[in-house]
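J.: Predicted model, plus sequence, below.
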Amino acid sequence: SSSAASDVYKRQLWHEAGHALVSEFELPVIGQEEDAVDGFATLEMMSDKDAAHIERLLDVAELWLISHETAEVGGDLSDYYSEHDLDAQRGLRVICFIAGEGPGRAHELSAQWGLPEERSETCEFDYTLALDSWDALLEPLHRPDSEPAAKITVEYAQVSSPWRDILIDSELLEYVGEYMAATYAFDDGMVFEARECGEANAYWDPGARTVTM
């Protein structure tokens with residue numbers, strides 16, 4: 001659905017926003033940065049508390065599981081050397097966070113996704129640890145209420161119609177960019193842009209201080 005697709009793109013933006021936080025504020029990361037900002041993106045998506053939103057986040061997890069099933073991961077060590085975990089791990093971690101966030105969810109997700117009972121009991125710890133860790137890192141970086149939001153630029157110049165019109169109407173770049181600029185003590189000058197680049201992806205460029213989708 002269009003709403004599920006929108007959430008896929010939004011999660012990509014939150015993921016890259018996590019990279020921006022780590023880069024701009026030189027945050028310590030224990031383990032792989034990609035795993036850490038995956039957690040950040042999932043937590044931001046979960047903070048909406050909308051039941052339909054959670055269901056669409058599960059759609060994102062399912063896409064990763066499908067991607068894993070269709071990928072030729074057999075004996076290709078490059079997949080295991082990647083800075084990212086395997087797609088199946090990324091998808092199942094989203095499911096585990098959701099199971100750990102709310103009472104009663106673990107049993108439902110265990111039945112729906114085959115989450116082992118003994119693992120579902122530890123998902124609450126994983127979710128709480130990630131939430132508390134990010135809160136501890138980000139609390140000192142919050143912008144004081146008395147200060148105006150950082151100035152960011154949102155650009156669509158490198159996207160042709162109809163994608164340009166769809167993205168502008170969705171306001172995804174504005175939503176994530178303006179939240180980050182208003183919430184955290186970034187310097188002015190960050191850019192959130194949409195660009196046609198030959199692949200469906202998003203990335204953070206620390207030199208240009210640009211999140212590109």
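T.: That came through, no problem.
J.: ok, and the helix or strand in this protein with the lowest average confidence?
T.: helix 77-81 (a mean of 65; mean pLDDT, DSSP states H and E).
J.: following that one, which helix or strand comes up?
T.: Past helix 77-81, further along toward the C-terminus, the next helix or strand under DSSP states H and E is helix 87-101.
J.: Can you give the contact residues for that next one?
T.: The contact list for helix 87-101 (Cβ atoms under 8 Å, 6 or more residues apart in numbering) reads 38-39, 42-43, 46, 54, 57-58, 60-65, 67-69, 71, 84-85, 105-106, 109-110, 113, 115, 119-120, 123-128, 130. Yep, even glycine has a C-beta here, placed from its N, CA and C like the rest.
J.: which intervals of the chain have sub-threshold pLDDT?
T.: 1-5, 49-51, 71-81, 103 (pLDDT under 70).
J.: Now the buried members of the contacts of helix 87-101.
T.: Buried positions within the contacts of helix 87-101, assessed by neighbour count (16 or more other Cβ atoms under 10 Å), are 38-39, 42-43, 46, 54, 57-58, 60-61, 64-65, 68, 85, 105-106, 109-110, 113, 115, 120, 123-124, 126-127, 130.
J.: packing partners for whichever helix or strand residue 136 is part of?
T.: Here residue 136, judged by DSSP H and E, is contained in helix 117-138. Applying 3 or more Cβ pairs under 8 Å, 6 or more residues apart in numbering; DSSP states H and E, we find helix 117-138 packed against helix 33-46, helix 87-101, helix 105-113.
J.: Quick one: closest of those helices to residue 186.
T.: Across the helices and strands packed on helix 117-138, residue 186 has its closest neighbour in helix 33-46 (15.3 Å, Cβ to Cβ).
J.: relative to helix 87-101, how tilted is that closest one?
T.: In terms of direction (axes from the mean of the first three to the mean of the last three Cα atoms, to 10 degrees), helix 33-46 departs from helix 87-101 by 40 degrees.
J.: that older thread, out of the helices and strands packed on helix 117-138, which comes closest to residue 211?
T.: Among those, the nearest to residue 211 by Cβ to Cβ is helix 33-46 (11.9 Å).
J.: what angle separates that closest one from helix 117-138?
T.: 90 degrees.
J.: what separates the helix or strand just after helix 33-46 from the chain centre, distance-wise?
T.: Counting by DSSP H and E, the element after helix 33-46 in chain order, helix or strand, is helix 51-70. On the basis of Cα atoms, centre = their mean, to the nearest Å, helix 51-70 sits 13 Å off its chain's mean C-alpha point.
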